[in-house]
Every structure is written in structure tokens, then in C-alpha cells.
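Q: 3D model of this:
(chains A and B)
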Amino acid sequence: SQQGEEDPQALSIQEGENATMNCSYKTSINNLQWYRQNSGRGLVHLILIRSNEREKHSGRLRVTLDTSKKSSSLLITASRAADTASYFCATVYSGAGSYQLTFGKGTKLSVIP
Amino acid sequence: EPEVTQTPSHQVTQMGQEVILRCVPISNHLYFYWYRQILGQKVEFLVSFYNNEISEKSEIFDDQFSVERPDGSNFTLKIRSTKLEDSAMYFCASTEGWGGNIQYFGAGTRLSVL
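A: Residues are numbered from 1 along each chain as shown, chains lettered A, B, ... in the order given. Now for the predicted structure:
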């Protein structure tokens, strides 16, 4: 399998706290993407980080990538109740012509108002 | 903002019946994908499509599955003879330019096979 695991599987925090989710993968990648999914809904793209990047920011989101450890983390700062959702990392393999996303199992985040 | 549109949102069918799931990708996108998510499990890649042909497919995408771009806007997934285990959420996605870019997903079609 190309993809490893995300941890934690579930995370419950108070509104205003920061949430950190981790993702590991197994193969060399071209890029890693984080997606959000509200219960029973579609996948919303959050951020893409390329294999030659180490950190990327978008609003309250901060993503890091450590290709030597084959791992990434997503930090959501100053969480809000509306951030309650499942968060998935997905990798694009570095092999030529292969663009499929390989998803992890996700972290279910609950932000308590 | 342009979005990927999928219809229907929910499809109920009897085992053995054929279903066609429809998608309208974002208009200037070139790569198209289908994924599925069985309830409670991770999202799994089915197939990618570029330049009017399949470019990649997974082990899940067997002879029961086919994809088509019948016109300039629609992208369909057909399951010829549905099985109970085909019950899942099916997502269509599309990418602008190079296939490794951001994939934009539709809201999904929930397929229930009875």
C-alpha cells in the first residue's frame, strides 16, 4: 500500500484550541494534499504541498512535510466549531504518469463550542 | 466559483442492474477521476481519464466498470451488473492542466444496491 496511517483517528478539542493531525506514507511522492470532508459530504481541498517544500500556510492552516520521515502534519489554529469534520491526507506518487490520489483513513475532528 | 457537479445525489438499485453515474467536471479541466468510499472506510481510487482514454485504473475497476466522456461536458461511470458490495459513495474529480495538481471533487453520488 502506498499510504500509511493518519493519527490520531479521532480528536476532540475545545473551540479556540489548536488541532494537529499527522499523516504518514510509504512511497516517494510528488506532492501531498489535505482534504476535508463534512459528514456524508464531498471532499474539499485544503492545501497542497510539493515534495520540495517543507512548510506551507493558508489562513489558519499550516502544513509541514518531512520527506525523510515520509510524514506530514496539518495544524489548524484557533479552531472553530465549523472546523468539525474528517480530515484526510492524500499523496500523489512520484512515478511518471501516475496522478491518482492515495488517501489515508483520516482524522475525525470534533471542535466543542 | 466553478465546481464539479454529480448526479444523482442518491441512486438506489437492485442487485444485477446497470447504473450510470454522471459527472460534469470543471470546464477547462483535462484530467478526470472516479473514486469511491465505502461507508466508514477510506477513499479509494478507481480510474483516471485523459485525452479520451483511461490513463490509470485500480484493481477495483474490473470489467463491470466503464467510463465514458460522451460529449464535451459529461463524464460517466457505468457499473454493468451491480453487486451488494458496490454500495458506496462515488466521487468524481477533475484537474486543471497537469494531472498532479489539485483535484477538485464533486459532492458525490451515494449508490445503494439492494
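Q: just so I have it, where are all the strands in chain B?
A: If you assign secondary structure with DSSP state E, the strands in chain B sit at B:5-7, B:10-13, B:19-24, B:31-37, B:44-50, B:53-57, B:65-68, B:75-79, B:88-95, B:104-105, B:109-113.
Q: partner residues bridging the spatially closest residue to B:S87 that is not a sequence neighbour?
A: The shortest distance from B:S87 to any residue that is not its chain neighbour, by CB to CB, 6 or more residues apart in numbering or on different chains, is 4.7 Å, and that residue is B:V113. Yep, even glycine has a C-beta here, placed from its N, CA and C like the rest. Beta-bridge partners for B:V113, by DSSP bridges, are B:T13.
Q: Retrieve the pLDDT associated with B:V113.
A: According to the prediction, B:V113 has pLDDT 97.
Q: Can you give me the separation between it and A:S12?
A: Between B:V113 and A:S12 the distance, using CB to CB, to the nearest Å, works out to 34 Å.
Q: Next, the buried residues of stretch A:14-25.
A: Neighbour counts over stretch A:14-25 (16 or more other CB atoms under 10 Å in any protein chain shown) mark A:19-25 as buried.
Q: One more: stretch B:100-107?
A: With the criterion 16+ other CB under 10 Å, stretch B:100-107 contains buried residues B:100-107.
Q: And stretch B:33-41, by the same measure?
A: Going through stretch B:33-41 with 16+ other CB under 10 Å, the ones that come out buried are B:33-37.
Q: Any chance of a markdown table for those, columns pLDDT and distance to B:Y50?
A: Rendered in a markdown table, the data for the buried residues of stretch B:33-41 read as follows (pLDDT from 0 to 100; distance: CB to CB, whole Å):
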| residue | pLDDT | distance to B:Y50 |
| --- | --- | --- |
| B:Y33 | 95 | 10 |
| B:W34 | 97 | 13 |
| B:Y35 | 97 | 16 |
| B:R36 | 97 | 20 |
| B:Q37 | 94 | 23 |
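Q: Now distance to B:S9 too, for those, in TSV please.
A: Below are the buried residues of stretch B:33-41 laid out as TSV (distance: CB to CB, whole Å):
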residue	distance to B:S9
B:Y33	19
B:W34	16
B:Y35	16
B:R36	15
B:Q37	15
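Q: From B:Q11, how far off is the residue of chain A found nearest chain B?
A: Proximity to chain B, evaluated over chain A using CB to the nearest CB, is greatest for A:Y99 at 3.2 Å. Plainly put, A:Y99 is 27 Å away from B:Q11 if you go by CB to CB.
Q: Same check on B:K78?
A: Distance from B:K78 to B:Q11, by CB to CB: 12 Å.
Q: overlap in contacts of the two?
A: Shared contacts of B:K78 and B:Q11, defined by CB atoms under 8 Å, 6 or more residues apart in numbering or on different chains, comprise B:19, B:21.
Q: still on that earlier bit, between A:Y99 and B:Q11, which has more neighbouring residues?
A: Set A:Y99 next to B:Q11 and count neighbours by other CB atoms under 10 Å in any protein chain shown: A:Y99 wins out with 21 against 18.
Q: excluding its backbone neighbours, what's nearest the residue most central in space within chain B?
A: Here the mean C-alpha position of chain B is nearest to the C-alpha of B:W34 (CA atoms, centre = their mean), at a distance of 3.2 Å. In space, and not counting its chain neighbours, B:W34 is closest to B:L46: 4.3 Å by CB to CB, 6+ apart.
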